[in-house]
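Engineer: structure here, sequence nowhere to be found:
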């Protein structure tokens, strides 16, 4: 009987620890890879649409990063930026970046969005990519699985207790 109780106690500890680790990892994953980048994109929806001019657009020597330099004016003062978005869509292979490069030739007039409180902060694309919704769903599924493990561990622990005589 003692051995059976030790086995049940070990299973409870293992399931609880696994559930807590999975829950905490999933919440951290959601915070770092979804919520923080999306918070900037959502905050930028109140930024001012501003006319800008592309100064240059080029791929890095390795062809894995696109840099778009543009100039704009806020409150009569000139500013410059190279930020395209908040999610790293300017990183990838040369094949995936070439269509984006062709959209921004030097001299082209574009609309960027500048932060009215810090006009040196600007971005061209403010939307949240669809893959971030998939990341959120994966993180929530992991958190739910961790919580389920914890609940199952506690249910089995209290169900197996022998009746008091």
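Structural biologist: Cool, got the structure. Computed from a predicted model, the values in this text were never measured in an experiment.

Engineer: and stretch 14-21, how far from the chain's centre?
Structural biologist: Computed by Cα atoms, centre = their mean, to the nearest Å, the separation of stretch 14-21 from the middle of its chain amounts to 25 Å.

Engineer: for the protein, what spans make up the helices?
Structural biologist: Using DSSP state H, the helices of the chain run over residues 2-30, 36-43, 94-103, 131-159.

Engineer: let me know the average pLDDT across the last one.
Structural biologist: In this model, helix 131-159 carries a mean pLDDT of 91.

Engineer: just the shortest one next, same as before
Structural biologist: Per-residue pLDDT values across helix 36-43 average out to 89.

Engineer: follow-up on the earlier one: minimum distance to residue 118: which of the helices of the chain has it?
Structural biologist: When these are compared by Cβ to Cβ, helix 36-43 sits nearest residue 118, at 11.3 Å. From N, CA and C alone the C-beta is placed, and that goes for glycine too.

Engineer: list the buried ones in the longest strand seen in the chain?
Structural biologist: As assigned by DSSP state E, the longest strand anywhere in the chain is strand 48-59. Of the residues in strand 48-59, 50, 52, 54, 57, 59 count as buried by neighbour count, 16 or more other Cβ atoms under 10 Å.

Engineer: which one of those is nearest residue 35?
Structural biologist: Nearest to residue 35 among these: residue 50, at 27.0 Å, using Cβ to Cβ.

Engineer: circling back to that earlier point, save the helices of the chain as JSON lines, and put in mean neighbour count and distance to residue 82 too.
Structural biologist: Below are those laid out as JSON lines (neighbours: other Cβ atoms under 10 Å; distance: least, Cβ to Cβ, whole Å):
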{"stretch": "helix 2-30", "mean neighbour count": "14", "distance to residue 82": "29"}
{"stretch": "helix 36-43", "mean neighbour count": "14", "distance to residue 82": "16"}
{"stretch": "helix 94-103", "mean neighbour count": "13", "distance to residue 82": "13"}
{"stretch": "helix 131-159", "mean neighbour count": "15", "distance to residue 82": "22"}
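
Engineer: and of those helices, who's closest to residue 75?
Structural biologist: Among these, helix 36-43 sits nearest to residue 75 (Cβ to Cβ), with 19.7 Å.
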